[in-house]
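Visitor: take a look and give me a structure for this.
(2 chains)
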Protein chains: 2
Amino acid sequence: MANITKKVSWSSRADESGLAGEATPLLNGSEQPRHSRQPSGGDGIFQIGRLSTVDLEEEITSDEESLRGRPKEIPHNEKLLSLKYESLDYDNIENQLFLEEERRMSHMSFRCLEISRWIVCGLIGFLTGLIACGIDIVVEKLAGYKYEAVKENIEKYTEAGGLSISLVLWVVLNSAYVMVGSIIVAFFEPVAAGSGIPQIKCFLNGIKIPRVVRLKTLVIKVFGVICSVAGGLAVGKEGPMIHSGAVVAAGVSQGRSTSLKRDFKIFEYFRRDTEKRDFVSAGAAAGVSAAFGAPVGGVLFSLEEGASFWNQMLTWRIFFASMISTFTLNFFLSIHHKKTGELSNPGLINFGTFDSETMAYNLYEVPLFIAMGAIGGLLGALFNFLNNCLTMFRIRYVHRPCLQVMEAMLVAAVTATVSFTMIYFCNDCQPLDKDHTEEYPLQLFCADGQYNSMATAFFNTPERSVRSLFHNQPGTYNPQTLGLFTLTYFFLACWTYGLAVSAGVFIPSLLIGAAWGRLCGILLGQLSSTGKIWADPGKYALIGAAAQLGGIVRMTLSLTVIMMEATGNVTYGFPIMLVLMTAKIVGDYFVEGLYDIHIKLQSVPFLHWEAPATSHWLTAREVMSSPVTCLNRIEKVGTIVDILSNTSTSHNGFPVVVQVTDSDEPAKLCGLILRSQLIVLLKHKVFVELARSRLTQRKLQLKDFRDAYPRFPPIQSIHVSQDERECMMDLTEFMNPTPYTVPQETSLPRVFKLFRALGLRHVVVVNDENKVVGLVTRKDLARYHMGKHGLEELQLAQT
Amino acid sequence: MANITKKVSWSSRADESGLAGEATPLLNGSEQPRHSRQPSGGDGIFQIGRLSTVDLEEEITSDEESLRGRPKEIPHNEKLLSLKYESLDYDNIENQLFLEEERRMSHMSFRCLEISRWIVCGLIGFLTGLIACGIDIVVEKLAGYKYEAVKENIEKYTEAGGLSISLVLWVVLNSAYVMVGSIIVAFFEPVAAGSGIPQIKCFLNGIKIPRVVRLKTLVIKVFGVICSVAGGLAVGKEGPMIHSGAVVAAGVSQGRSTSLKRDFKIFEYFRRDTEKRDFVSAGAAAGVSAAFGAPVGGVLFSLEEGASFWNQMLTWRIFFASMISTFTLNFFLSIHHKKTGELSNPGLINFGTFDSETMAYNLYEVPLFIAMGAIGGLLGALFNFLNNCLTMFRIRYVHRPCLQVMEAMLVAAVTATVSFTMIYFCNDCQPLDKDHTEEYPLQLFCADGQYNSMATAFFNTPERSVRSLFHNQPGTYNPQTLGLFTLTYFFLACWTYGLAVSAGVFIPSLLIGAAWGRLCGILLGQLSSTGKIWADPGKYALIGAAAQLGGIVRMTLSLTVIMMEATGNVTYGFPIMLVLMTAKIVGDYFVEGLYDIHIKLQSVPFLHWEAPATSHWLTAREVMSSPVTCLNRIEKVGTIVDILSNTSTSHNGFPVVVQVTDSDEPAKLCGLILRSQLIVLLKHKVFVELARSRLTQRKLQLKDFRDAYPRFPPIQSIHVSQDERECMMDLTEFMNPTPYTVPQETSLPRVFKLFRALGLRHVVVVNDENKVVGLVTRKDLARYHMGKHGLEELQLAQT
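Guide: Reported below is the predicted structural model:
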């Protein structure tokens, strides 16, 4: 089993998800599942692939084989949709308990709640800023030690000969850092690998990625990113900040830590998916804000990636968290830099000040910008394509933690070697003046008072390299240096993304783009015969950086604003937008964005903004799962236990009906109850004895549900005696009596809109007499997507 | 009747709305209306005011009196909700015709549609930018002539004595401009008055304000704003730009002009509320973008004010329109200013370049900023309170167009007189240096080489005054000058807003705030004994401007971004946010924002983001209108005509049921049809004869509905003969067979969420057998709002 769960870095561990149906996927597949998928009625209009019995059996076989530990290539298909991911419930469970509580609350208590929401957001921002500050300082220190040591060593051996010793030192230092970072990620928390942005994107989309917002993940993430950046990998520390912010938010807002077993008995009202997701949005925004000094960009990132329903107060709170985060970071960094109180220098990455006057652009430059956007789109598509292949390879062959650590160390060693080689063979010497931005100038074979220009780019943290590409005087770099650098760094970054280390792709992308952008600027400058440098290389470096980043991640509005804020200058808004738009259009023609590729490779049931345009053919009747396992309003405990224990049913919501009929006749809907609620009810033995001697159930409070949230115990851990099995359970008080329903004839886009706009988890499909005929869940909707040749249907798989 | 409709500047004209029920409100109130409001069942838990019979009769009496033309004070109550406003339908009418069309469309046609959406957005941006450019240039020219003339005159008479002649000249010039502007607004298009932002806010909220997006409105708006700004009123040209953008969008996206009777036969797919509203969002964003050079701020404005459902592609398109708009404006202005191609100078209002280094802020300034925010909140609340009283007064007494024109001219004259007096008695002489920003320096009684400092503020377009307050050297203004200016301009601006002229409140607010902000800066500088000006007055002017504007309009995220973009500097993001937040909190404690006040005074059924927090008491059963007028699936034409002609029924959606029962028994729901659809059906005589000799109805296309959109004829204009009345009409094909429904027990917040998130117009309330028991519309939800003492219920009124 370990092989399966480890094969992808952020897959779920069966023992922790707390829900049945994962540990033994489809092992009892021979039994007719109660939630079976009815083949679509013979409308005969179009044919899309369906998961045939053969496919199912293949799945089972491969699973069983892996269970026996046989090292075999795990078949991976992009056209699969995993059933193992649960959804978040953005819809309040408006059962009687909830309504009673809401009705008891006065106007004043709602106001207090609102104030606590603001406090929580402030805390989120503060802690995220603090973490960002900590990461920044520690990375600076660690990288500083490393570069100092290597620099001294190089200087020592340059004259004496024997530079290979310096190379070895560099390689060893890098590999050591990366080894630590990789071990903690690969062995202790695989979900902390990568930038975390795809995971947060999924979370905000409403998918429960196991362990993604745990304290442990945060700790590993923070240490991991420190190690990988200090280890000289072609990575950035910005992506992980977004994940860190999200974890902070999920932790703070719950007022307790399940990992540390501490419950502060505060913010209990926020212990449900709806509130949690709002706070996680704020956390992600705070993370972006801290990373780039871009509070508005952070808000837009959260909204672009997550929000389905825009709420003014929520957005304003998110913005507050973002602002506090930037402010905290700036304040503590200003203390660290001994300029206490100077707050105008935001973000982990500081692009430096772009002066509007020298950097003004003109109309005739707009076509050039668009062309650069197209180049960025092409290069981005190439990057994504290569990374896609690499990730497929990794999923198949590099799924053991020790292999992953070794690969990470290999990359670290190669990065150091390549950098060293490039610096060694580069003869681009530049005069050393006082105001250059580089901290570790390497003289190497240059004359005294000169430094090696390639070393500015390679022998530095990526953030510094980006800044020097943006701001160094025209003439600081030779075109060859830049070309070579782009080429090598492109492949290094591509190889690095997806390693089992905690690291982001933003900064490497910016660096690649800045390098070729500057190259473009220099070449353009040389084209004009006047000798006047009309194309300021720094400006073109910025445009190139935007183009490359846009080509890789394909973010739109939020990225424009992030870039604008990071440059501290709104003048570039228009060219950056043009460039990002071109890059996206060109890139999308070939391949999806990097994050989407990684989400797809995990077979996550991700819901896009709208249903595929050509899906009006389909109606709820065709997409729903049917027949549905329904419960009676007063149901026998044994039946409930059996239903929950049945591992072949994967649904987590059960329509409650007036009377389950024996035949397959549908029964009248009267509510909806969740698996998690049933589990809590069973745990607290809320039974009515059959003899009805005690008619009153034990009174359960909303608190009991909140205490169990979010890690509801699995059904296996709840012991129900044979006597208790005969008892009855009255669900009336606990079920949601007014679930959203749609008629059978509703078109897919309409169901989709309802589902997406309200962040639902289940939509009950009823006939014209309000009788349950089916249930639509996220997976039923996510299965349909737009392919190259029209509508495609993904297959469902238990892995 | 004219009196009633004219009493508020943007009320509807009965003859144009095309829908019955307005011309003779409740005159047949004695007849039992079919849509009556059932008194809520005796839950006895809380009591909120309900429209009693007595109230109803009072309404009727006052209406009848006005009809007889008696000049009497029109009772106006803030606790009313007008029934005359219709809703927009953000939900697609997914009837058979629609689905058939969608199913016929290929993947390719959807892509073409997407491309046309982009083209439309580009056009919207381009035209909006062009209009902004035109307004800017013409205003500059006209104001230039005026100031030149007055300046020459003043200089002539300063020595000779007889400055009263100059005053008269100034007054006459101002009044003349304003008279023209006011006449066209008051007599030809009252809806073009004011900034238009409340109207656009309502439109984006889903309320159909009559004539708000017509070509005529645009023309009047543009000329009106030119006249009022050139006329020296304390107004800005920025607010109207937002309205103009929205009109452009509504026009361009429909591919025809109903006013000009031209149909270009393009973009026919976009002829429905859903698409139109999306484009209007883009138009509003383009307007903001052009006005402030703030493309991101524009997008956020649209989203903050309008969007209920955030869609990535839509947002991106809106951003595109915004960018194009700024770009167009910049490009043409750069040509006008003879610097073709220099694009880095955005927006109608240009705050000038804020240099980060000299303007950096420090931690100890943050409390000062917050205090200024509080002052802004207080002053804003005072402004809004005064303007509220004034608007009430205007609604009661100044509702005749000629009176409105006279008031506007009076204000213009007073503005000129006050300005002149202030300049005359001010002895704040400043040396005239070359690089000051003022264009029309007045020497008056100052020594040679000096100019009058008060004249910088008063004898200038407000935009220039703001800029000079932001950027002039410390020491340019005396504190007394600034204090006096703040005081007079505050009352002038307050008096001016709400006049029957087309004008915005942004710039006057900024100007007031900049004046007292600069005053604060100067006073703070004087406090410190060192003599060093640590508080740069320009910086404090900016903070003051933000505080004042925030205190008046209470916008949040979007305003922060607009200010950030207009200053061209992101460093101020944090202090501006703090200030706006403080101003909003302080201001909200006393009175609502200016736009909300004006919306409330119109009794518009505006839906806020969420249902009132304490409304969980209420269920759909209590808020719904019941019993509902239902139609049979195959209904008699006479019945339909009667129902539509019945002026006492105000609903526009009719549930279609399987069989209307004679008694009040509910019948099973099978669809929903709109009044507009029925009108089109009647117009095209889609009848089935009773004898069933021809069973096939005339085939109607979606095109027929689109051609009639949006000005559906009133039922009175459709002649149905007595024979035809006996025919039947088959609604199956035209009704929406899958309307959203809720059970009776659904809580109000849940209904609200469904309604708001999906932008619905009708939600059918059904019982547990899917039988229609009620209908919830926008008015039923907007009636409940949060008052000072908990939940309040507004009364419904026909006016």
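
Visitor: could you use CA atoms for every contact and neighbour count after this?
Guide: OK.

Visitor: would you mind measuring from A:Ile423 to B:Lys141?
Guide: Counting by CA to CA, to the nearest Å, the gap between A:Ile423 and B:Lys141 amounts to 61 Å.

Visitor: make sure A:Thr326 is actually in contact with A:Gly129.
Guide: Yes. A:Thr326 lies in contact with A:Gly129 (CA atoms under 8 Å); the separation is 6.2 Å.

Visitor: contact partners for the spatially closest residue to A:Ala193 that is not a sequence neighbour?
Guide: Nearest residue to A:Ala193 in three dimensions, chain neighbours excluded: A:Ser502, at 4.4 Å (CA to CA, 6 or more residues apart in numbering or on different chains). The neighbourhood of A:Ser502, defined by CA atoms under 8 Å, 6 or more residues apart in numbering or on different chains, consists of A:181-182, A:185, A:192-195, A:221-222, A:224-225, A:228, A:240.

Visitor: for those, work out which two are farthest apart.
Guide: A:Ser182 and A:Pro240 (14.5 Å; CA to CA).

Visitor: in terms of neighbours, single out the busier of the two.
Guide: Neighbour totals were compared for A:Ser182 and A:Pro240, and A:Ser182 leads with 33 against 29 (other CA atoms under 10 Å in any protein chain shown).

Visitor: tell me the spacing between the more buried one and chain B.
Guide: For A:Ser182, the distance to chain B equals 35 Å [CA to the nearest CA, to the nearest Å].

Visitor: kindly report the same for A:Leu527.
Guide: Distance from A:Leu527 to chain B, by CA to the nearest CA: 21 Å.

Visitor: how long is stretch A:687-700 from one end to the other?
Guide: Distance between the boundary residues of stretch A:687-700 (CA to CA) amounts to 11 Å.

Visitor: same thing with stretch A:626-633?
Guide: Using CA to CA, the span of stretch A:626-633 from its first residue to its last is 20 Å.

Visitor: please work out the average pLDDT along the longest helix seen in chain A.
Guide: For chain A, the longest helix by residue count, based on DSSP state H, is helix A:107-160. Mean pLDDT, computed over helix A:107-160, is 90.

Visitor: off-centre distance for that helix?
Guide: 20 Å (CA atoms, centre = their mean, to the nearest Å).

Visitor: does it reach chain B?
Guide: Yes. Part of helix A:107-160 sits near chain B under the criterion CA under 8 Å from any CA of the partner chain, namely A:107, A:110.

Visitor: packing partners for that helix?
Guide: helix A:163-183, helix A:215-230, helix A:238-254, helix A:273-292, helix A:312-336 (3 or more CA pairs under 8 Å, 6 or more residues apart in numbering or on different chains; DSSP states H and E).

Visitor: residues contacting the shortest one, please?
Guide: Spelled out, that is helix A:215-230. A:135, A:138-140, A:142-143, A:146, A:174, A:177-178, A:180-182, A:184-185, A:188-189, A:191-193, A:211, A:235-237, A:240, A:243-244, A:247-248, A:251, A:257, A:259, A:461, A:501-503.

Visitor: buried sites along that helix?
Guide: A:215-218, A:220-230 (16 or more other CA atoms under 10 Å in any protein chain shown).

Visitor: and the angle from it to helix A:107-160?
Guide: 30 degrees (axes from the mean of the first three to the mean of the last three CA atoms, to 10 degrees).
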